[in-house]
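Asks: Structure for this input, please:
(chains A and B)
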Number of protein chains: 2
Amino acid sequence: MTIQSELSVKPHDRLQAALTEDLAQVNALIRERMASEHAPRIPEVTAHLVDAGGKRVRPMLTLAAAGICGYGGLYHVHLAATVEFIHTATLLHDDVVDESEQRRGRPSANLLWDNQSSVLVGDYLFARAFQLMTEPERMDVLRVLSNAAATIAEGEVLQLTAAQNLATTEETYLKVVRGKTAALFSAATEVGAMIADAPEAVQRAFFEYGDALGISFQIADDILDFGGVSAQTGKNIGDDFRERKLTLPLIKAIAKADEEERTFWKRTIEKGDQQEGDLQTCLGLLTKYGALEEARSEAFDWSAKAKAALDAVPEHEMKTMLSDLADYVVARIN
Amino acid sequence: MTIQSELSVKPHDRLQAALTEDLAQVNALIRERMASEHAPRIPEVTAHLVDAGGKRVRPMLTLAAAGICGYGGLYHVHLAATVEFIHTATLLHDDVVDESEQRRGRPSANLLWDNQSSVLVGDYLFARAFQLMTEPERMDVLRVLSNAAATIAEGEVLQLTAAQNLATTEETYLKVVRGKTAALFSAATEVGAMIADAPEAVQRAFFEYGDALGISFQIADDILDFGGVSAQTGKNIGDDFRERKLTLPLIKAIAKADEEERTFWKRTIEKGDQQEGDLQTCLGLLTKYGALEEARSEAFDWSAKAKAALDAVPEHEMKTMLSDLADYVVARIN
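Replies: Numbers count the residues shown, from 1 in each chain, chains lettered A, B, ... in the order given. Now for the predicted structure:
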C-alpha cells in the first residue's frame, strides 16, 4: 500500500470512529422502521440490502454536519436514517431500471425476489423516509429533503432519456450527476446543519460541500469505470461503455470525434452494435483526446470546491475529516 | 337506462358541478407541477395518464370535505393535487408490477414507453406530491399523508405476497384493501377537514367515511370482476381469477371448499394451471356457497358505515352528494 492510498483510506474510518454512538442509533432506527407488521417481504428485502452494509457515507454526512454545528438533540439520527432510506429506495429502483444482477457484492433484490418486490418495497422505504422526516417537525428540513427526492427522480429520468444519445452535452451530464448523486449528498449535509440551527451561511456552506463532493465522487467513479487515468486497476473495465452510458470522458471524446470516429460512436453507443476490440478502440480515443485527463482535472476542481466551502464552517475535528474525505474521493484517480 | 342506474350516476356528476372552479385550479396545479425543465419524458408520461382523465374522485373528496367544513383558503387545491399525484404514481408502479397493457382504456405507460420510465416517473410524482404537501406548512396534514403513503405501499407488498396463497384470510384481504384503496380515500377526506380546522370529531368522521367508502368500493369492484351478483354485465369477466388474485368472493368459496374443490383451487390458483371451462367451474362454486351474495352484503355494510359516519359532519349540499356517492358504489352491484 502506498503512502497516498493509506492516507486516503483514513477519513471515512475516522468519521466512523468519531460517530460510533450516533451510527449505532441510526442502525437501530433503520431496523425498527423497516419492519412491517403486515408484510414480512418488506424487512426481508430491506435487510438484504441494509445488512450488506454499504459505507453509510450519506448518514455520516448528516451526523457530522450536525455534530460540527454543535447539535445537542436527537433528530440528527432521524434525518440520517431518512437519508439512508431514500438512498436504499433508489438503489432498489435503480436495479430494476438497470436490470442489475449484483449490488454490494451480492445478488440484487430484483434477482433474489422479483422486480415487483423491488418496486413496491422501494415505494415503502420512500414513504417511511417521509414519515421519519416529519418527526422533527421542521418545515425547512422537509422542504430540503422533498426537493432532493424530486431532483433525484428527475436526474434518473434524464439519465434514461439521455442514454445512447450522442448529442448529450457536459451540461446534461452535470444535471444527471446532480440528480443521481449530488442531490442526496448536499441534502444530507444541509439538513444536518439545519437541524442544529446553524447560521444560514453555514447551512449554505454545507450544501455546497455536499454538492461538490457528490459531483467529484461521481466523475471519479466514471473515470474508474475506464480503469482510471493510467488504467492500473483493471477489473470490470468498460461497463459504462458496454451499457452505452454517456459519462463525462465519453462525452468529451465524442465532442472531438472526426467523421470516422463518429461512425464508430454511432455504431457502438447509438446502435449498441459492439464487437471484440471496440473497448480497446474506445480507450484509445479517450487517450487520443486526453478525455480521462480532462475529466480527472474537473474531478479535482470539484474536490477543491468542496474543501473551500468548508472555510465557512466552524472548526471541529470532524471538519478536517470532511476535508480529507474530499481529498480521498479523488485520490482514487490520482 | 333504469331508474336505479340513472339515480346512481348522479352523485359524482353533482360533486363535479359543485366543485367546478376548485377542480379547474387542481388541474392547473397538476399541469404546472408535473412539468420538468430538464426531463421532457416526465410530462409526456404523466400527461398520457392525466389527460386520459380518470374521474378525479380522490381530489374531489378532499375538495368536498374542505368545502363542507367551510374552508376559505387556497391549500385544499394543493392537497387535492397531492392526492391525485400519489394516486397517479401508484397507477404507474402498479402497471409495472401487474405487467398491465391497458389503463383507463389506453395502452399503459409501461407499454408505450418502458418499465424504466414508469418506475422513475412514478418516483418523480411521489416526490412532487411530498413537495406539494409541505406547502400548506401543516405538520398534521403531512403526518396523515405520509402515513397513507406507507400504508399504500405496505398493502401493495402484502397483496403481492398473498397472491396465489390459498390460506389468505378475509382479515388479510381487508388489510390489502385498506392499503391499495381505502388509505388514500380516507387520507383525502381527512386532510380536507384538517386544513379547514374542523373539530377533531369531524376530522375523524371524514376519515371513517373515506375508509368505509374505499372498502365498499373495492369489494364492489371485486364482485363486478365476476360479472356482478347476477352476472349481467358480462365484459372481461374473471380477470382476477385468471390473474390468481384472491379477492373476497374467492376467499369465501375457498374457505368452504370440500376436498375435490380444494384440488380445483390448488390447480387453478396456486399452480396457475387453468384450462377451458375452469372459470365456469369457479363461478359455479361461488354460486354454490353464496360467496358473491355474502361479499355483496359486506359491501352494503361498509357503504352504510360510510353514510353513518357523515352524521357527525355539518349539513351542506355536498354532504348529501357524499352520502349518495356511498349508495352509488354499491348500486353497481345491486
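Asks: Every contact and neighbour count from this point should use C-alpha atoms.
Replies: Will do.
Asks: Spell out which parts of chain A neighbour chain B.
Replies: Residues of chain A lying near chain B by Cα under 8 Å from any Cα of the partner chain: A:36, A:38-39, A:41-42, A:93, A:96-97, A:115-117, A:119-121, A:123-125, A:127-128, A:130-131, A:134, A:137, A:139, A:142-143, A:146-147, A:149-150, A:153-158, A:160-161, A:175.
Asks: Would you report the backbone torsion angles of A:Pro107?
Replies: The phi and psi torsions at A:Pro107 (degrees, to the nearest 10) take the values phi -60, psi 140.
Asks: A:Val141 against A:Val191, yeah?
Replies: Yes: look at A:Val141 against A:Val191 with Cα atoms under 8 Å: they come within range, at 5.8 Å.
Asks: And those two? Which one has more around it.
Replies: Legend: neighbour count by other Cα atoms under 10 Å in any protein chain shown for A:Val141 and A:Val191, higher for A:Val191 (30 against 21).
Asks: and that one, which of the three is it?
Replies: In terms of secondary structure, A:Val191 is helix; the call rests on DSSP: H, G, I helix; E, B strand; the rest coil.
Asks: what sits against A:Leu166?
Replies: Each residue near A:Leu166 by Cα atoms under 8 Å, 6 or more residues apart in numbering or on different chains is listed here: A:246, A:251, A:254, A:265-266, A:269-270.
Asks: Mind checking which of those residues are buried?
Replies: A:246, A:251, A:254, A:265-266, A:269 (16 or more other Cα atoms under 10 Å in any protein chain shown).
Asks: Chain B: which of those residues is nearest?
Replies: Of all the buried ones among the contacts of A:Leu166, chain B sits closest to A:Leu246, with 16.0 Å by Cα to the nearest Cα.
Asks: Surely the closest one is in a helix?
Replies: No: read with three-state DSSP, A:Leu246 is coil and lies in no helix.
Asks: measure it to A:Ala253 for me?
Replies: Distance check for A:Leu246 against A:Ala253: by Cα to Cα, to the nearest Å, it reads 10 Å.
Asks: Kindly report the same for A:Pro199.
Replies: Distance, A:Pro199 to A:Ala253, by Cα to Cα: 43 Å.
Asks: now A:Ala127
Replies: Using Cα to Cα, which is the criterion applied here, A:Ala127 is 41 Å from A:Ala253.
Asks: okay, A:Pro199 and A:Ala253: which has more neighbours?
Replies: A side-by-side neighbour count of A:Pro199 and A:Ala253, using other Cα under 10 Å, places A:Ala253 first with 23 against 13.
Asks: how about A:Gln164, secondary structure?
Replies: Each residue gets one of three states, and A:Gln164 gets coil by three-state DSSP.
Asks: So for it, what's the nearest residue that isn't a sequence neighbour?
Replies: A:Glu270 (4.9 Å; Cα to Cα, 6 or more residues apart in numbering or on different chains).
Asks: Surely the one you found and A:Thr168 touch.
Replies: No: checked against Cα under 8 Å, the pair A:Glu270 and A:Thr168 is beyond contact range at 11.5 Å.
Asks: State the pLDDT value of A:Tyr110.
Replies: Wrong residue type there; residue A:110 is Asn, not Tyr. Predicted confidence (pLDDT) at A:Asn110: the value is 74.
Asks: May I have the phi/psi pair for it?
Replies: Torsion angles at A:Asn110 (phi, psi; degrees, to the nearest 10) stand at phi -60, psi -30.
Asks: returning to that earlier point: I'd like the contacts of A:Leu166 as CSV, with secondary structure and pLDDT appended.
Replies: Compiled in CSV, those are given as follows (DSSP: H, G, I helix; E, B strand; the rest coil; pLDDT from 0 to 100):
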residue, secondary structure, pLDDT
A:Leu246, coil, 93
A:Ile251, helix, 97
A:Ile254, helix, 97
A:Trp265, helix, 97
A:Lys266, helix, 96
A:Ile269, helix, 95
A:Glu270, helix, 93
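Asks: quick one: which of those is nearest B:Ala183?
Replies: The shortest separation between B:Ala183 and any of those is 41.6 Å, and it belongs to A:Leu246 (by Cα to Cα).
Asks: List phi and psi for the closest one.
Replies: Dihedral angles (degrees, to the nearest 10) for A:Leu246: phi -90, psi 90.
Asks: What separation do you get for it and A:Ala255?
Replies: Plainly put, A:Leu246 is 12 Å away from A:Ala255 if you go by Cα to Cα.
Asks: A:Arg33 too?
Replies: Relative to A:Ala255, and taking Cα to Cα, A:Arg33 is found at 47 Å.
Asks: In contact with the nearest residue to A:Leu325 once chain neighbours are set aside, which residues are there?
Replies: Distances taken as Cα to Cα, 6+ apart place A:Pro11 nearest to A:Leu325, at 5.3 Å, with adjacent residues excluded. Going by Cα under 8 Å, 6+ apart, A:Pro11 touches A:321-322, A:324-325, A:328.
Asks: since we're on A:Glu200, how many residues are nearby?
Replies: By the measure other Cα under 10 Å, the count of residues near A:Glu200 is 11.
Asks: can you check A:Asp324 too?
Replies: As a burial measure, A:Asp324 scores 19 neighbours (other Cα under 10 Å).
Asks: Just the pLDDT at it, thanks.
Replies: Per-residue confidence (pLDDT) for A:Asp324: 96.
Asks: now stretch A:288-308: how far from the chain's centre is it?
Replies: Average the C-alpha atoms of stretch A:288-308, do the same for its chain, and the two points are 17 Å apart (Cα atoms, centre = their mean, to the nearest Å).
Asks: Enumerate the positions of that stretch that are buried.
Replies: In terms of neighbour count (16+ other Cα under 10 Å), stretch A:288-308 has its buried residues at A:289-300, A:302-308.
Asks: Could you do stretch A:71-84 as well?
Replies: Neighbour-count burial for stretch A:71-84, with 16+ other Cα under 10 Å as criterion, is recorded at A:71, A:75-84.
Asks: So which of those sit within strands?
Replies: Among the buried residues of stretch A:71-84, no member falls in strands (criterion: DSSP state E).
Asks: So which of those are in helices?
Replies: For the buried residues of stretch A:71-84, the ones inside helices are A:75-84, with DSSP state H as the criterion.
Asks: Relative to chain B, which of those is nearest.
Replies: Each of these was checked against chain B using Cα to the nearest Cα; the closest is A:Thr82, at 13.0 Å.
Asks: wait, doesn't that closest one sit right on A:Phe130?
Replies: Yes: proximity of A:Thr82 to A:Phe130 meets the contact threshold set by Cα under 8 Å, at 7.4 Å.
Asks: nearest spatial neighbour of A:His78, skipping sequence neighbours?
Replies: Of all residues apart from its sequence neighbours, A:Leu132 sits closest to A:His78 (Cα to Cα, 6+ apart), at 6.1 Å.
Asks: for A:Val177, that is, sorry about that
Replies: Nearest non-adjacent residue to A:Val177 (Cα to Cα, 6+ apart): A:Ile215, at 6.3 Å.
Asks: From the contact counts, what lies against the one helix or strand the one you found maps to?
Replies: Under the assignment given by DSSP states H and E, the secondary-structure element containing A:Ile215 is helix A:200-224. Under the contact criterion of 3 or more Cα pairs under 8 Å, 6 or more residues apart in numbering or on different chains; DSSP states H and E, helix A:200-224 touches helix A:170-177, helix A:183-195, helix A:248-255, helix A:291-309, helix A:317-331.
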